[in-house]
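*Asks:* how would this look folded up:
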Amino acid sequence: MAMKPLLIAHGEKALVVVVVGLCALEVWTTLDDPSIRPDKASPAEIELKVALIDKALRGGGAPQLKPVPAYLENLQQRFRAEFAQPGQMPWLTAMPDRGPSDTILLYVYELAAPTIEARDLSGSVELAISLPQAVRQGDRRVSDAAQVVWSTPAGVKNSARMVGVLVETRPGADKPWAPVKTKDAPNGILALPGAGVPPRAAVPEPRPAAPGPALGAMPGAAAGPGPGMDMMGGPPAPVAVAEPARGALSLRIDGLESWTLHEFRATLVAVATGATLGKEASKSGYGVLVTAGRVVPENASIDELPWDQWRKGLEGNVPEVVGRFLTGRAGPLPAGMELTPGEQAYLGQPMAKGVPVQVTSDVRFALERIVNDPNGVAQAQVLVTKQFSIPGGGVVWLKEPRGFKVAVGSRLGGPVQVPDPRPGRNGIVNADLSTPFVVAEIRRGVERVYYHELREVPRQGAKGRDLQVVPKKGLTDVVVLRNERSGSTFELVRLGKVPAPAKAGTVTYPTLKGEIDERGEFVADPLAFQVPPLEQPAPVRWEADKGPLAKLREEHPEDRDLYTTDTAYFAFADGRLVWWEKLNKVVRQWPEPAPGAVTAPVSGPETAPPVEPHAPLPPHPGAKPPRGAPVEPMPPGPGPVGPKTR
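*Replies:* Numbering: from 1, shown residues only. Have a look, this model is predicted:
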């Protein structure tokens, strides 16, 4: 019989026999395995243990739980108990054989620099001065509040307050600083609201102190620390009285030279019950140490500051200690203000850098184009306009600027006759469009960067997208003007049309709403118009795990993924951050763009240069300017107006 028919007829039967045989073998080996039986245990022993378990299960009662402690009763009993009244510690009492303590209680009053915003008003400048934001109003012995009184029930009282702002100016970086002179600040010091009123503590009058140290000294053995005082004899916190508004103070300065770059800076003036120097320091009773700027770290423990070292340094007139603090004097003070007994005047820290502003006149101009005269000599065609006052305090400009063709070496502007732009007048009026500027140079075909565009590009050799900066460039003309009065120069860039990005929604710096007609902007509002710059600040490139975006991830842990990228990102000069968001695979910006907002580049904090000493102030009894170091020279100004803000 052939093999194939045999397997078909009997193959299944043979397979079943083999499987059954294997199963039987497995069962037999299991039953015969000695390892599954108890070791050295007879059937009788097993039956005995089973009987014991069964008996325990049938005879067991309810489980016995540990009683719950009487928490509520114990708590009520503890609250009903009265505390033991310990006897007064000997060192807190006034010993009859001991005189008053010579230890002075010190406080620190920090005078940070204010800030200034300057606005040109065509021949005048308006300053908005803001006081520094207080950050230490809760510290016991260190404060930077506008007004503060340290007072204790034992009668110890010290105070400090800001009374004014010294405003200084200089017409150029190489000129000395001098106080401004205005009606509101005749000696250069603008008084703060309520500056002439000494502060009063907003607490009940202190109880009379036992005979001992004078006002401001540590009571010590003579009086002892009163209720609520710390172990140093000081109050738990200073009492900040009503502060003057921290909004911007306004100051208008007239009579400034037109077409000159002026710088302005401000310095706080304060009065305090300041600590004196030498052996009489402790006996004076006044213990306020005034500092120029914030010198105590915000996270520093007030109790761990070297108070004793400072006290000894003041008494010994140690230069290393005395040099840390400002020296109190009889002035300077706002006009008409006088010190109260025990007070001294302090001049704080001036701004690290002056705020520049180009003071212009009622005549404005812009470069329209470069033309050639019949002899082929290049001439600058400059549009010049003038501002006219109208009743009610308003102003109007010429309806159409007058064009002047000026060659190199010629003066810009001059007297002309123009249609009267004032409402209700239709005649011709004489207008003086003269300027102090001479054309020094004409340049053609100069490269100009209109804006920087940020584009998405495919990532090389990997998935994802990268960001690429593409500057939008063009050619323009430039005219260099020289001020014959001051000798300063600046560049006029030809007016043109800034093209809008080809793709809507493109991220650019500056932010553009669309095409910009610079000539139309100049004619529409010459006062607000600013000369366009040749270059725009390029975005700052940051690696994915570094820079300000990493800080944003720390500040927004709940949205960490939204601030995460896997490629380089960029920071614009207006503060915007632009990155490729890894999670949603889109380009994101933070904050959302604000058209026209142009600020300082985001490149991290820069070290402030040393500041120049204050200029001599008007005579005041005992007033002397503080010492300082020269400031680094500032670059020359950009011209009559600053960079164009889009």
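*Asks:* Now do the strands in the stretch 401-550 of the chain.
*Replies:* Taking DSSP state E, counting those that start in this stretch as the criterion, the stretch 401-550 of the chain contains strands spanning 402-407, 415-419, 428-432, 437-458, 465-483, 489-493, 497-498, 507-509, 516-517, 540-542.
*Asks:* Rebuild the ones you listed as CSV, extending it with mean neighbour count, mean pLDDT and distance to residue 524.
*Replies:* (Each C-beta comes from the backbone N, C-alpha and C, glycine too.) What follows is those, written out as CSV (neighbours: other CB atoms under 10 Å; pLDDT from 0 to 100; distance: least, CB to CB, whole Å):
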stretch, mean neighbour count, mean pLDDT, distance to residue 524
strand 402-407, 16, 94, 16
strand 415-419, 14, 92, 18
strand 428-432, 14, 91, 19
strand 437-458, 16, 93, 20
strand 465-483, 17, 93, 21
strand 489-493, 20, 90, 18
strand 497-498, 16, 92, 15
strand 507-509, 21, 90, 23
strand 516-517, 16, 92, 9
strand 540-542, 16, 93, 33
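*Asks:* would a markdown table of these with distance to residue 109 be doable?
*Replies:* Listed next are the strands of the stretch 401-550 of the chain as a markdown table, based on distance: least, CB to CB, whole Å:
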| stretch | distance to residue 109 |
| --- | --- |
| strand 402-407 | 57 |
| strand 415-419 | 58 |
| strand 428-432 | 53 |
| strand 437-458 | 46 |
| strand 465-483 | 44 |
| strand 489-493 | 43 |
| strand 497-498 | 51 |
| strand 507-509 | 42 |
| strand 516-517 | 50 |
| strand 540-542 | 38 |
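*Asks:* wait, which of those is closest to residue 187?
*Replies:* Nearest to residue 187 among the strands of the stretch 401-550 of the chain is strand 465-483; the distance by CB to CB comes to 30.5 Å.
*Asks:* Partner strands of that closest one, with direction?
*Replies:* strand 437-458 (antiparallel), strand 489-493 (antiparallel) (DSSP bridges).
*Asks:* angle of the first one against strand 402-407?
*Replies:* Compare the direction of strand 437-458 with that of strand 402-407 by axes from the mean of the first three to the mean of the last three CA atoms, to 10 degrees and you get 100 degrees.
*Asks:* Just tell me which of the strands paired with strand 465-483 ends up closest to residue 26.
*Replies:* strand 437-458 (64.4 Å).
*Asks:* Measure how far that closest one is from the centre of its chain, please.
*Replies:* 32 Å (CA atoms, centre = their mean, to the nearest Å).
*Asks:* Could you dump the strands paired with strand 465-483 into JSON lines with distance to residue 415 added?
*Replies:* Shown next, in JSON lines, are these (distance: least, CB to CB, whole Å):
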{"stretch": "strand 437-458", "distance to residue 415": "16"}
{"stretch": "strand 489-493", "distance to residue 415": "22"}
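*Asks:* residue boundaries of the helices in the stretch 301-450 of the chain?
*Replies:* For the stretch 301-450 of the chain, the helices defined by DSSP state H, counting those that start in this stretch cover 307-315, 319-322.
*Asks:* Out of those, which one sits most buried?
*Replies:* Highest mean neighbour count among the helices of the stretch 301-450 of the chain (mean count of other CB atoms under 10 Å): helix 307-315, with a mean of 18.
*Asks:* To residue 11, which of the strands of the stretch 401-550 of the chain lies closest?
*Replies:* It is, among the strands of the stretch 401-550 of the chain and with distance given as CB to CB, strand 437-458, at 63.9 Å.
*Asks:* on that earlier part again, for residue 82, find the nearest of the strands of the stretch 401-550 of the chain.
*Replies:* strand 540-542 (65.5 Å).
*Asks:* Where does pLDDT dip in the stretch 501-646 of the chain?
*Replies:* Scanning the stretch 501-646 of the chain with the threshold set as pLDDT under 70 gives 593-646.
*Asks:* Now do the helices in it.
*Replies:* Going by DSSP H, counting those that start in this stretch, the stretch 501-646 of the chain shows helices at 518-524, 548-555.
*Asks:* about what we covered before: may I see the helices of the stretch 301-450 of the chain organised as a markdown table, with mean pLDDT and distance to residue 484 added?
*Replies:* A markdown table is the format used below for these (pLDDT from 0 to 100; distance: least, CB to CB, whole Å):
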| stretch | mean pLDDT | distance to residue 484 |
| --- | --- | --- |
| helix 307-315 | 82 | 56 |
| helix 319-322 | 82 | 50 |
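*Asks:* quick one, strands of the stretch 101-250 of the chain?
*Replies:* 107-111, 115-120, 125-130, 142-143, 147-151, 157-170, 178-179, 189-191, 249-253.
*Asks:* Adding mean neighbour count, distance to residue 57 and mean pLDDT, write those strands out as TSV.
*Replies:* Listed next are these as TSV, based on neighbours: other CB atoms under 10 Å; distance: least, CB to CB, whole Å; pLDDT from 0 to 100:
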stretch	mean neighbour count	distance to residue 57	mean pLDDT
strand 107-111	26	79	88
strand 115-120	17	86	88
strand 125-130	18	85	89
strand 142-143	24	75	87
strand 147-151	24	79	83
strand 157-170	25	83	89
strand 178-179	18	102	91
strand 189-191	24	96	90
strand 249-253	18	91	88
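*Asks:* Reformat those strands as a markdown table; add distance to residue 292.
*Replies:* Putting the strands of the stretch 101-250 of the chain into a markdown table (distance: least, CB to CB, whole Å) gives the following:
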| stretch | distance to residue 292 |
| --- | --- |
| strand 107-111 | 6 |
| strand 115-120 | 16 |
| strand 125-130 | 18 |
| strand 142-143 | 15 |
| strand 147-151 | 17 |
| strand 157-170 | 13 |
| strand 178-179 | 18 |
| strand 189-191 | 17 |
| strand 249-253 | 20 |
